[in-house]
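J.: build me a model:
(2 chains)
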Amino acid sequence: MTPKFLQTSRRAFLGGSAAAAALSALSEPALAQRNQPTLDQYEPVYLTAAEWAFVMAAVARIIPSDGDGPGAIEARVPVFIDRQLAGDFGAASDLYMEGPFAPEADMNLGTQSPLTPAEIYRQGIAAFDAWCRSEQGAALGDLDPDAQDAALQALADDEVGLKPELREFWTLLLQNTKEGYFADPRHGGNAGMQAWVYIGFPGARANFHEWAGRDEAYPLGPVDIAGERA
Amino acid sequence: MARTDPKKDVVIVGLGWTGAIMGIELASEGLEILALERGPDRSTVPDFKYPEVIDELEYGIRFGFMQRPKNSTITVRRTGDEVAQPMRRLGSFLPGDGVGGAGIHWNGQTWRPMENEYRLRSYVEEEFGAEAIPEDMTIQDWGVTAEELEPYYDRFEYMAGISGQAGNINGKIIEGGNPFEAPRSRDYPLPPLKQTVDAKLFAEAARGMGYHPFPRPAANASEAWTNEYGMQLGPCNFCGFCERYGCINYSKSSPQTCILDALKRYPNFSYRVNSEVLRVDLAPDGQTATGVTYWDEEAQEEVTQSADLVILAAYQLHNVHLMLLSGIGEPYDPQSGEGVTGKNYSYQMNGGTTMFFRDVDFNPFAGAGSVGMAIDDFAINQIDFGAEGFIGGSYIVAGNSNGQPIRGISLPEGTPEWGAGWKQGIGEWYGHSMSIGSHGSCLSYRDCHLDLDPTYTDRHGRPLMRMTFDWKPNDIRMTQFMKRKIEEIAQSMNPDSWQSSFKGEGARYDIRPYQTTHNVGGSIMGTDPNTSAVNRYLQAWGQHNVFVLGAGAFPQNIQYNPTGAVGALAYWAARAIREDYLPNPGPLV
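T.: Got it, this is the predicted structure:
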């Protein structure tokens, strides 16, 4: 099957007016996502409304929108995280989940929690939001950005009193945020491949023989697995 | 439910590199062969085809081609007095799953060990005296020499179409190759790969310091190649999705690209997938195997499969697990030092220095699994162990295999892990860093071993295997020596900044971050049934019709990636079976 990006090139080359319009529409990252609801219209599959508010707030501080490049919100990282938690990753379907469990075992021996990643998010968000309320007077999503950063740093430093079963919560949240930022858009994040555009990663082009060994900037933008171009 | 299937001449457990090699070598003898693979079937099309496989999340991060701990894992402890915990999620190493095994998702770095690595104990005793070996170090000789194995390395390298540059052909040193390597009988089948910017900069700096850079030998074809089985490779296109992925391009040597389609044409060869061998069945006297019992996932029943010859060709950890479960060899006891099965588990001691160059475009996405320039000036045969205070060595290399962003973007020390600083850092530094790595030996020690866990069981109710392993002072001294050498080279390159990551004094084994899938030992080869699990032909000492292939045979780890030696040993054992065992079945030693 001809990859979609070649099909659109071919149509552009032929120069038909309708085809040209289609191409210019496809080349707009915002419109390439045109069949997707905006984040405030998105209906989470796994996360509750309160959990969704937490994830929206947390990822917006982990990869903020200011400065160069997209933030986690523009990249639709919350959608990625919700879909991951609703799927095999959230259900720990690849993990060894037989007991007995020793969640307080040495960290070097790896996760020993009896909870799945989806359960760690659920309980972790509840426990951490409770900590935010008691220490800062509001859930994470209702704090101002500086207070959010301070609270997340306390979470990262393991200073919020989470039980051992939840001690992977921050690691998962940080890792999943970066995954959603950089993964192929088929997984729901990296909207319009803008994270790839930002750092200069060409995505799924996967053919660089003539570029090996050349110390000069690569000129082409990314393509994704669906064949879209940024 | 259970069934008994008709007897075969040979049953092969696992259909990765060694199972495929043994399969085709014995199929050409006309034997009736059944290979049992516990994972799914895999072929270049549809499993590795573009663009679906170019999905970093699915394969690079969620390990789509790896074993799921849910189905198979181990427990781990660092010392004998720690309670071992199950490895619930993959991290430190990534055993393969399915047809092709780890042979589909490796980078293709294909080395031959140094001559002295096969006789390490003898070498150290002769050169430095027995007192140079620490009391708790249990290194041994392999019972086979580089000279004996040379034709089998040659066979593997020509079968797999390795790209490289010879440094020593029959004793003649060849400019541009590795001058310290063991003599080889002829050059590599294919010329070296093109080199990436980082590899070229490293080679220039190393040459400037008087070292001897050479291209890393690669199972990524630099040109088209047709092997002895008629299988064809096409030139690597530097797609940047090698390790952890199947090759989209028929360029990475693997069982699929080099053997399997030729093997499947033999009517006397068949294979079953989703068929996990539960144990090797022994005759009542324990002196031979009668076959295996496996779990047929599709039929949901146990199957008794008898065979005259049983070849254990699973991953190192699983071969040892099956031996322990089946009573092949006396289990090793670290207290007494007696027993052999599970003895001398070892790993790999690696480290590296990362450098940042604001004005260089490294284009890291244009990479190949085995691209790179290396030096062996600090190899295990180049170091005065007496003067340096350690036994071991390392190759040192720069070469960029991929630029996949989730797997990590190197950032200068002090860059935050999240927030505005992290985001700014990835924008500034993606594509502007390179690393020089040390890939070093890891020796064997009295307490580092594999046995059966007393608590945790797998989905079949069998005890999990338990790994006892930690880093040791000797190997930490080795890697610290390499750190000093690498930092000298790095500084000579004048980067904007640089930072190092090497194990230091007191480092403890951490199973969480990926390190390397070079697990070795546990079914070690040797010349004495009291100190080795298999003889020099990889034949079990106690059951002459059981052969155990793979890196479990290494009595301590070499300073190189293991696949070259694993392939050569498979051909070495195959020759012994074809020419010596089949005419006269019995102990070969």
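
J.: all helices of chain A, in order?
T.: Taking DSSP state H, the helices of chain A run over residues A:4-14, A:17-26, A:29-32, A:49-62, A:77-86, A:117-136, A:145-156, A:169-182, A:194-199.

J.: likewise the stretch 51-200 of chain B?
T.: B:120-128, B:146-160, B:197-208 (DSSP state H, counting those that start in this stretch).

J.: and the gap between B:N561 and B:E243?
T.: According to Cβ to Cβ, to the nearest Å, B:N561 stands 11 Å off from B:E243. Just so you know, the C-beta spots here come from the backbone N, C-alpha and C atoms, and that holds for glycine as well.

J.: looking at the helices of chain A, which is nearest to B:G521?
T.: For those, the distance to B:G521 is smallest for helix A:169-182, at 31.2 Å, taking Cβ to Cβ.

J.: is chain B contacted by the closest one?
T.: Yes. Helix A:169-182 is in contact with chain B by Cβ under 8 Å from any Cβ of the partner chain, via A:L174, A:T177, A:K178, A:E179, A:F182.

J.: which intervals of chain A have sub-threshold pLDDT?
T.: A:1-35 (pLDDT under 70).

J.: let's see that with 50 instead.
T.: For chain A, residues meeting the criterion pLDDT under 50 lie at A:1-29, A:31-32.

J.: so it: which segments form each domain?
T.: As assigned by automatic domain parsing, chain A contains the domains A:1-32+A:201-230, A:39-199.

J.: most tightly packed of those domains?
T.: domain A:39-199 (a mean of 19; mean count of other Cβ atoms under 10 Å in any protein chain shown).

J.: ends of that one, how far apart?
T.: This stretch, domain A:39-199, spans 24 Å end to end (Cα to Cα, to the nearest Å).

J.: just the local confidence number for B:G408, please.
T.: Predicted confidence (pLDDT) for B:G408: 87.

J.: how many other residues sit next to it?
T.: For B:G408, the neighbour count with other Cβ atoms under 10 Å in any protein chain shown is 10.

J.: helix/strand/coil for it?
T.: With DSSP: H, G, I helix; E, B strand; the rest coil as the basis, the three-state label of B:G408 is coil.

J.: residue contacts, it?
T.: By Cβ atoms under 8 Å, 6 or more residues apart in numbering or on different chains, B:G408 lies in contact with nothing.

J.: got the helices of chain A as JSON lines, with distance to B:P51 columns?
T.: Formatted as JSON lines, the helices of chain A follow (distance: least, Cβ to Cβ, whole Å):
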{"stretch": "helix A:4-14", "distance to B:P51": "10"}
{"stretch": "helix A:17-26", "distance to B:P51": "17"}
{"stretch": "helix A:29-32", "distance to B:P51": "16"}
{"stretch": "helix A:49-62", "distance to B:P51": "27"}
{"stretch": "helix A:77-86", "distance to B:P51": "19"}
{"stretch": "helix A:117-136", "distance to B:P51": "27"}
{"stretch": "helix A:145-156", "distance to B:P51": "36"}
{"stretch": "helix A:169-182", "distance to B:P51": "17"}
{"stretch": "helix A:194-199", "distance to B:P51": "14"}
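
J.: one step back: quick one: closest of the helices of the stretch 51-200 of chain B to chain A.
T.: helix B:197-208 (4.9 Å; Cβ to the nearest Cβ).

J.: what average pLDDT does that closest one get?
T.: Mean pLDDT, helix B:197-208: 98.

J.: dihedrals phi and psi, B:T293?
T.: As for B:T293, its main-chain torsions (degrees, to the nearest 10) stand at phi -110, psi 130.

J.: and it, how close does it get to B:E301?
T.: In terms of Cβ to Cβ, B:T293 sits 11 Å off from B:E301.

J.: so which bits of the stretch 351-500 of chain B are right by chain A?
T.: For the stretch 351-500 of chain B, the residues in contact with chain A (Cβ under 8 Å from any Cβ) are B:360-363, B:365-368, B:371, B:403-406, B:409, B:417-420, B:422-424, B:426-427, B:430-431, B:455-457.

J.: just the buried ones among these, please.
T.: Among those, the ones that count as buried by 16 or more other Cβ atoms under 10 Å in any protein chain shown are B:360-363, B:365-368, B:371, B:403-406, B:409, B:418, B:420, B:422-424, B:426, B:430-431, B:456.

J.: before we move on, back to that, overlap of the contact sets of B:N561 and B:E243?
T.: By the contact definition Cβ under 8 Å, 6+ apart, B:N561 and B:E243 are jointly contacted by B:N107.

J.: check which residues of stretch B:443-461 are buried.
T.: Neighbour counts using 16+ other Cβ under 10 Å place B:443-453, B:456, B:458 of stretch B:443-461 among the buried residues.

J.: likewise stretch B:567-586?
T.: Judged by neighbour count using 16+ other Cβ under 10 Å, the buried positions of stretch B:567-586 are B:G567, B:A568, B:L569, B:A570, B:Y571, B:W572, B:A573, B:A574, B:R575, B:A576, B:I577, B:Y581.

J.: who's in contact with the nearest residue to B:S306 once chain neighbours are set aside?
T.: Closest residue to B:S306 apart from its sequence neighbours, by Cβ to Cβ, 6 or more residues apart in numbering or on different chains: B:G291 at 3.5 Å. By Cβ under 8 Å, 6+ apart, the contact list for B:G291 reads B:K7, B:K8, B:V11, B:V280, B:D281, B:T304, B:Q305, B:S306, B:A307, B:V310.

J.: hmm, back to that, B:T293 and B:E301 - which one has more neighbours?
T.: Under the criterion of other Cβ under 10 Å, the comparison of B:T293 against B:E301 puts B:T293 first, with 18 against 12.

J.: for stretch A:87-104, C-alpha coordinates in PDB please.
T.: Taking C-alpha atoms only, stretch A:87-104 is exported to PDB below (Å, rounded to 0.1, in the frame of the first residue of the first chain):
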ATOM      1  CA  GLY A  87      -5.600   0.100  28.100                       C
ATOM      2  CA  ASP A  88      -3.000  -2.700  28.700                       C
ATOM      3  CA  PHE A  89      -0.500  -0.400  30.300                       C
ATOM      4  CA  GLY A  90      -2.900   0.800  33.000                       C
ATOM      5  CA  ALA A  91      -4.100  -2.800  33.600                       C
ATOM      6  CA  ALA A  92      -0.500  -4.000  34.100                       C
ATOM      7  CA  SER A  93      -1.300  -6.800  31.700                       C
ATOM      8  CA  ASP A  94       2.400  -7.500  30.900                       C
ATOM      9  CA  LEU A  95       3.600  -7.400  34.500                       C
ATOM     10  CA  TYR A  96       4.200 -10.100  37.000                       C
ATOM     11  CA  MET A  97       1.400  -9.400  39.600                       C
ATOM     12  CA  GLU A  98       1.600 -12.500  41.800                       C
ATOM     13  CA  GLY A  99       2.200 -12.200  45.500                       C
ATOM     14  CA  PRO A 100       3.500 -12.000  48.100                       C
ATOM     15  CA  PHE A 101       4.200  -8.300  47.700                       C
ATOM     16  CA  ALA A 102       6.900  -6.300  49.500                       C
ATOM     17  CA  PRO A 103       6.200  -2.700  48.400                       C
ATOM     18  CA  GLU A 104       8.800  -1.400  50.800                       C
END
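
J.: that one near chain B anywhere?
T.: Yes. Applying Cβ under 8 Å from any Cβ, one finds stretch A:87-104 in contact with chain B at A:D88, A:F89, A:S93, A:D94, A:L95, A:Y96, A:M97, A:E98, A:P100, A:A102.

J.: contacts made by that stretch with the rest, please.
T.: Contacts of stretch A:87-104 (Cβ under 8 Å, 6+ apart): A:46, A:84, A:112-114, A:116-118, A:121, A:163-165, A:167, B:62-63, B:68-70, B:73, B:83, B:85-89, B:455-457.

J.: go on, stretch A:126-138?
T.: A:50, A:54, A:139-140, A:143, A:147, A:150-151, A:154-155, A:160-163, A:166, A:169.

J.: just stretch B:564-577 next, same as before
T.: So stretch B:564-577 is contacted by B:17-18, B:21-22, B:25-26, B:110-113, B:144, B:148-149, B:152-153, B:155-157, B:159-160, B:217, B:309, B:313, B:525, B:537-539, B:547, B:549-551, B:553-554, B:558, B:588 (Cβ under 8 Å, 6+ apart).
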